[in-house]
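> here are the coordinates; sequence isn't available:
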């Protein structure tokens, strides 16, 4: 049986009303690539990613990712799809919650503090779309209730997250990996590993835990 990610576009609030029995339950793996250009090919680029003119070692001619290929070859290919936002964090917010970035509880709170009734689409930035509970906002439980992890968890699923997160402001949780992991777990993800919380800032490394792809690769090898 094949399932598309389009089925996950239901809002988390709607999903939470569904009842999934063990007999009918299926596994879901949601993969969100970061910052892919429009119509990017699935296959790796022919040269090293930081310089397309550099005559360095090319990527392998054949894919070394058999399980990713299996998903592509045996799954449903959607030829027309749209992201809810053009940036990594804002798009990720929509994937997790099923909401437009302008509906984030954190963003609406900040808009209200600035004297605005709603969050303008131009202001739906990465800092405004962190996954937070804002009690003063109507339906403001983005972390505690209204997201896909909480919906699956409530229906008996074991949930997990690996890779880039970017939905928590690091300095609000102690600036540590464990602090961020605890925050991610509070948003419904029961198993959090090989995670890094955010991008590099403009000056380079802001801490020892941001954008750490080496750590993600290390944990993948270790688990294997």
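Nice, thanks for sending it over. What you see is a predicted model, and the numbers here were worked out from it, not measured in a lab. Numbering: from 1, shown residues only.

> low-confidence ranges, this protein, go.
Applying pLDDT under 70 to the chain picks out residues 1-23, 35-64, 200-212, 223-224.

> what is the neighbour count of residue 34?
Neighbour count for residue 34, taken as other Cβ atoms under 10 Å: 13. Using the backbone N, CA and C atoms, a C-beta is placed for each residue, glycine as well.

> and it, what does it touch?
When contacts are counted by Cβ atoms under 8 Å, 6 or more residues apart in numbering, residue 34 is found next to 88, 164.

> quick check, it in a helix?
No - Residue 34 is assigned coil when assessed by DSSP: H, G, I helix; E, B strand; the rest coil, not a helix.

> can you tell me how far it is from residue 213?
11 Å (Cβ to Cβ, to the nearest Å).

> likewise residue 118?
Residue 118 is 36 Å from residue 213, by Cβ to Cβ.

> likewise residue 137?
34 Å.

> more neighbours: these two, which one.
Set side by side, residue 137 and residue 213 show more neighbours around residue 137, with 18 against 11, by other Cβ under 10 Å.

> is it true that the more buried one touches residue 108?
Yes - under the criterion of Cβ atoms under 8 Å, residue 137 makes contact with residue 108 at 5.3 Å.

> quick one: secondary structure of residue 178?
Criterion first, three-state DSSP; result for residue 178: helix.
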